[in-house]
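Participant: need coordinates for the following:
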Amino acid sequence: MKRQQKGFTLVEIAIVLVIIGLLLGGILKGQEMIVQAKIKNAITDFSGISAAYHGYADRYRAVPGDDLNAATRWAGAVAGSGNGQVQGPYNSAVPADESRKWWDHLRRSGFVAGSGDVQPFNALAGMVGVQTGDAAAAPAATLFDVATTGTGLSGLIVCTANLPDKVAIALDTQMDDGFAGKGTVRAKIQTAANPAIGVALIADATYAETGTNIYTVCRTM
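Facilitator: So this is what the prediction gives:
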């Protein structure tokens, strides 16, 4: 006698497809929630550093890192030059740079948690730091000088590195104008992790969302 093989019914197949759809929807929604959390964390970094700076300046009438009286205020602290600039790049590896003293002064004053002068990292393992727009190396120049606008970022700026294109675009859109080369938030595509930011680095005119591009984003304080 021949055996008759039974297949799945249309109802069973429909149920399986619905379950698969729900699983895929949940995964995609979870990924989107992760991205949104990273965007919020990046915005919080900018806001928190700006608030800490203004609080320090209001209390001590000085720029953290550049504070001329830091050594007399706290035992073990190293004073800055007091010239109103933060010398050194945001990603400095030199403890003597004011961009490193910035963090030590803020932590000693209680405006930033922790201790020491090492820069913190963002939620994407990118370095977060502060510098004067031209890194105090060429006062006549400005950071991110874009030919189409003829303007650049000067004064104190906060930079955060290693941001995926989707995060960088959303960050700029929510905090500024969404253009990499305009406004108070500007960005440059990275070719290495935590890249140096200087007068030779020209901001990209627009963002390119490829899913693989990584950006360093800087904002005026």
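Participant: Leu24: neighbour count?
Facilitator: Residues within reach of Leu24, counting by other C-beta atoms under 10 Å, total 10. Any C-beta I mention is one placed from the backbone N, CA and C, and that applies to glycine too.
Participant: tell me how far it lies from Asn41.
Facilitator: Using C-beta to C-beta, to the nearest Å, Leu24 is found at 26 Å from Asn41.
Participant: then Ala161?
Facilitator: Distance from Ala161 to Asn41, by C-beta to C-beta: 14 Å.
Participant: looking at the two, which is more packed in?
Facilitator: For Ala161 and Asn41, the more surrounded residue by other C-beta under 10 Å is Ala161, and the numbers stand at 27 against 14.
Participant: which phi and psi does the closest residue to that one other than its chain neighbours have?
Facilitator: Spatial nearest neighbour of Ala161, excluding adjacent residues (C-beta to C-beta, 6 or more residues apart in numbering): Gly126 at 3.8 Å. When read as degrees, to the nearest 10, the backbone of Gly126 gives phi -100, psi 150.
Participant: also the one 5 residues further on?
Facilitator: Main-chain torsions, Gln131, degrees, to the nearest 10: phi -160, psi 170.
Participant: burial count for it?
Facilitator: 30.
Participant: how much space between the nearest residue to it once chain neighbours are set aside and Val78?
Facilitator: In this structure, Gln131 finds its nearest non-sequential neighbour in Tyr90, 4.4 Å apart by C-beta to C-beta, 6+ apart. Separation of Tyr90 from Val78 (C-beta to C-beta): 18 Å.
Participant: strands along this structure, start to end?
Facilitator: 128-132, 156-164, 185-189, 214-220 (DSSP state E).
Participant: and the third one, what does it pack against?
Facilitator: Pointing back at strand 185-189 there. helix 165-175, strand 214-220 (3 or more C-beta pairs under 8 Å, 6 or more residues apart in numbering; DSSP states H and E).
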